[in-house]
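Chemist: After the sequence you'll find the predicted model.
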Amino acid sequence: MIELNFFDVNCAIGRQGTFRSQIPPDAKGLLDQMEYYGIKDALVYHAVARDYHPVVGNEKLTTEIDSYNSLKGCWVLLPTYTKEMPPPRVLVKDMLRKNIRAIRLFSTRHLFSLKDCKDLFGVLEEYRIPVILDFDITHICIDKTDWQEVREICIQYPSLPVIVVHFGLRSNRIFYPLLSEVNNLYLEISNYWICRGIEAITKEFGAERLLFGTNMPLYNPGCFIAMVSYANIPDKDKQLIAGDNLRNLFKGIKTNV
Amino acid sequence: MSEKLIFLKMAQLGMPLKNELVIDCHTHIGPFCDFHITWNNVDGMIEHMDRLGISKAGLMSFAGLMSDYVLGNNLVVDAVHRCPERFIGFTIVNPNYPDDIIPELERCRALGLLHIKLIVQYQNCTADDPNLIRVFEYADKKRYIILGHNLGSEEFLYKIALEFKNAVFIDGHFCRQHFPLIKKTENVFICTCSPNIFGCIEEAVNEFGADRLLFGSDMLYLDGALGLGGILCARISDEDKREILGLNMRNLLERGKVDE
């Protein structure tokens, strides 16, 4: 048994529009929870970026987490065709300057096709910036993930780290073939509740494919902390899933391209 | 270390709860058609229970959910006979076969399954199916526990709880809709499966106390650690955690033995 250095890849700050969070919506509110649960670091996006508009939310995020070292920023992006955001290269340089480590796409919520993000993915791949794909699950048993699209992105951009969150917990017959086909697909665990699911994926594909996440402020972090800590896998694998996989992905980001 | 943090620390370190009484009221055994469960037999269940420190589990089948309830009940009988100290068997019945409900309950009772699981929504039926009255009557007579996947509306559950006072009704999936019934009845309990919403355990304890909450994981469908972690890390007293983890279920099981 070891102390795990948790790094939450999937949480948000900001006032929620569709439910009343029990956590104060600011960065300090999240940090207080992280301290209680023993989560060392968190990759955070802003709820306003998801529920109102990414440009507004990203700016709020950058300001609100600026003075907190254990909170790393994740911007929500849109495809470039509607010119709501700067061109990809300008955007990425701005991101890196502001210490933003990953980007998140809500293609279902924001009504666009991932097929129209080729220019974005190309630049993100050059910099090795992780991309989080969120297909906006409404029920844990109903998987809205476009796994075919995920597969095409992973194959077309083999050096792009692709992280899928909120996929349906019953989907292992769909994504097992994909995990064996590509090396750049990572799965975040906060919706993958199946019995000994972490153990099964670790044994089949390696612990490197899994990332700890909590979906705070909606979900209860205790559930996912225990899923990792009690998993029947070596301690070194628990440490990878808990946080070192994500830390390694961030170490791989190229700042000079 | 303060009292509230001991169980939290155990969850963070993945320490089995060997010195605590942990009874999981809600588990399933067998493979499942919807997705692959890697370790889906008795050995896999026991291995997972031992890893977490779960002493006993209320056991029902996957097969009975929306397939052959007789096949499923036989699997549970085999598991209970193999490990009687670890499993408490639940019989699944299907309202699509009303004439077989009582014979199947009697058959399974003779084989050691002394409680009932209802999951009628998976069987294309509703909680208020008239064919289920005989189930409630039987459970009332035998002082059985009925664990329901979804026990219907607040009004319906209140009605049957009052009418069948000797039966115990466990809401199988932490349905907030049924919280008001706790204070209005004595025989309605809430299974904590699954405690994934932030603050849900604390909210339930604040609303009606810990003595009507029962730890249930829904393994082998869901990971046992998911359900356990939600309780271990909750901001409630250790005394409340112990009640939820096992003491409440132990009391219920003792209660049922009056009529064995």
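Modeler: That came in fine, so what should we check first? Numbers count the residues shown, from 1 in each chain, chains lettered A, B, ... in the order given.
Chemist: What residues does residue A:96 make contact with?
Modeler: A:127, A:253, A:255 (Cβ atoms under 8 Å, 6 or more residues apart in numbering or on different chains). For glycine as for every other residue, the C-beta is placed from the backbone atoms N, C-alpha and C.
Chemist: In contact with the last one, which residues?
Modeler: Residues near residue A:255 by Cβ under 8 Å, 6+ apart: A:96, A:127.
Chemist: Just the pLDDT at it, thanks.
Modeler: Among the per-residue scores, residue A:255 holds a pLDDT of 87.
Chemist: Confirm it sits in a strand?
Modeler: No: under the criterion used here (DSSP: H, G, I helix; E, B strand; the rest coil), residue A:255 is coil, not part of a strand.
Chemist: From chain B, how far out is it?
Modeler: Distance of residue A:255 to chain B, computed by Cβ to the nearest Cβ, to the nearest Å: 34 Å.
Chemist: Could you do residue A:134 as well?
Modeler: 17 Å.
Chemist: can you give me the strands for chain A?
Modeler: A:6-13, A:39-46, A:71-76, A:100-105, A:131-134, A:162-165, A:185-188, A:210-211 (DSSP state E).
Chemist: could you redo the ones you listed as JSON lines and give each row mean pLDDT and mean neighbour count?
Modeler: Listed next are these as JSON lines, based on pLDDT from 0 to 100; neighbours: other Cβ atoms under 10 Å in any protein chain shown:
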{"stretch": "strand A:6-13", "mean pLDDT": "98", "mean neighbour count": "27"}
{"stretch": "strand A:39-46", "mean pLDDT": "98", "mean neighbour count": "25"}
{"stretch": "strand A:71-76", "mean pLDDT": "98", "mean neighbour count": "24"}
{"stretch": "strand A:100-105", "mean pLDDT": "97", "mean neighbour count": "22"}
{"stretch": "strand A:131-134", "mean pLDDT": "98", "mean neighbour count": "24"}
{"stretch": "strand A:162-165", "mean pLDDT": "98", "mean neighbour count": "24"}
{"stretch": "strand A:185-188", "mean pLDDT": "98", "mean neighbour count": "23"}
{"stretch": "strand A:210-211", "mean pLDDT": "98", "mean neighbour count": "26"}
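Chemist: Take those and lay them out in TSV including distance to residue A:195.
Modeler: Output for the strands of chain A, formatted as TSV (distance: least, Cβ to Cβ, whole Å):
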stretch	distance to residue A:195
strand A:6-13	21
strand A:39-46	24
strand A:71-76	30
strand A:100-105	29
strand A:131-134	25
strand A:162-165	20
strand A:185-188	16
strand A:210-211	15
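Chemist: Name the residues of stretch A:141-156 that are buried.
Modeler: Applying a neighbour-count criterion of 16 or more other Cβ atoms under 10 Å in any protein chain shown, one finds A:143, A:145, A:146, A:147, A:150, A:151, A:153, A:154 buried in stretch A:141-156.
Chemist: so residue A:193 sits right up against residue A:167, yeah?
Modeler: No: counting by Cβ atoms under 8 Å, residue A:193 does not reach residue A:167; the two are 11.3 Å apart.
Chemist: Please report how far residue A:10 lies from residue A:79.
Modeler: Note on residue A:10: its distance to residue A:79, by Cβ to Cβ, to the nearest Å, is 22 Å.
Chemist: ignore the last one, residue B:55
Modeler: Separation of residue B:55 from residue A:79 (Cβ to Cβ): 54 Å.
Chemist: Of those two, which one has the most company?
Modeler: Neighbours were tallied for residue B:55 and for residue A:79 using other Cβ atoms under 10 Å in any protein chain shown; the higher tally belongs to residue A:79 (21 against 18).
Chemist: show me the contacts for the more buried one.
Modeler: Residues in contact with residue A:79 (Cβ under 8 Å, 6+ apart) are A:112, A:113, A:116, A:117, A:120.
Chemist: of all those residues, which comes closest to chain B?
Modeler: residue A:113 (27.5 Å; Cβ to the nearest Cβ).
Chemist: What sits closest to that closest one if chain neighbours are left out?
Modeler: Residue nearest to residue A:113 in three dimensions, not counting chain neighbours: residue A:107, with 6.7 Å by Cβ to Cβ, 6 or more residues apart in numbering or on different chains.
Chemist: Number of residues surrounding that neighbour?
Modeler: Residue A:107 has 21 nearby residues by other Cβ under 10 Å.
Chemist: Wait, it touches residue A:131, no?
Modeler: No: with contacts counted by Cβ under 8 Å, residue A:107 stays clear of residue A:131, the gap being 11.1 Å.
Chemist: What segments of the chain are helices?
Modeler: Here I'm looking at chain A. Secondary structure of chain A (DSSP state H): helices at A:27-37, A:47-51, A:54-64, A:88-97, A:118-127, A:147-156, A:172-181, A:197-205, A:221-229, A:235-239, A:245-251.
Chemist: Can you look at chain B instead?
Modeler: Under DSSP H, chain B gives helices at B:3-13, B:42-52, B:63-66, B:69-82, B:101-110, B:133-142, B:154-163, B:179-184, B:200-208, B:224-232, B:238-242, B:248-256.
Chemist: just so I know, which of those lies nearest residue A:47?
Modeler: Minimum separation from residue A:47 across those (Cβ to Cβ) falls at helix B:200-208, 19.9 Å.
Chemist: pLDDT score for residue B:258?
Modeler: 52.
Chemist: re the thing from before, okay if I get the contacts of residue A:79 as TSV plus pLDDT, neighbour count and distance to residue A:186?
Modeler: Conversion of the contacts of residue A:79 to TSV gives the following (pLDDT from 0 to 100; neighbours: other Cβ atoms under 10 Å in any protein chain shown; distance: Cβ to Cβ, whole Å):
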residue	pLDDT	neighbour count	distance to residue A:186
A:112	97	16	22
A:113	97	10	22
A:116	96	14	23
A:117	97	21	18
A:120	97	22	18
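Chemist: which parts of the stretch 151-257 of chain A sit against chain B?
Modeler: Listed as neighbours of chain B in the stretch 151-257 of chain A under the rule Cβ under 8 Å from any Cβ of the partner chain: A:169-173, A:176, A:193-200, A:216-232, A:238.
Chemist: Type out the PyMOL command that picks the buried ones from those residues.
Modeler: A single PyMOL command is used to select the members of these judged buried by 16+ other Cβ under 10 Å:
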select buried, chain A and resi 169+170+171+172+193+194+195+196+197+198+199+200+216+217+218+219+220+221+222+223+224+225+226+227+228+229+230+231+238
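Chemist: who's in contact with the spatially closest residue to residue B:28 that is not a sequence neighbour?
Modeler: Among residues not flanking residue B:28 along the chain, residue B:62 sits closest, at 5.0 Å (Cβ to Cβ, 6+ apart). Residues in contact with residue B:62 (Cβ under 8 Å, 6+ apart) are B:28, B:29, B:30, B:31, B:32, B:72, B:220, B:221.
Chemist: No further queries at this time; thank you.
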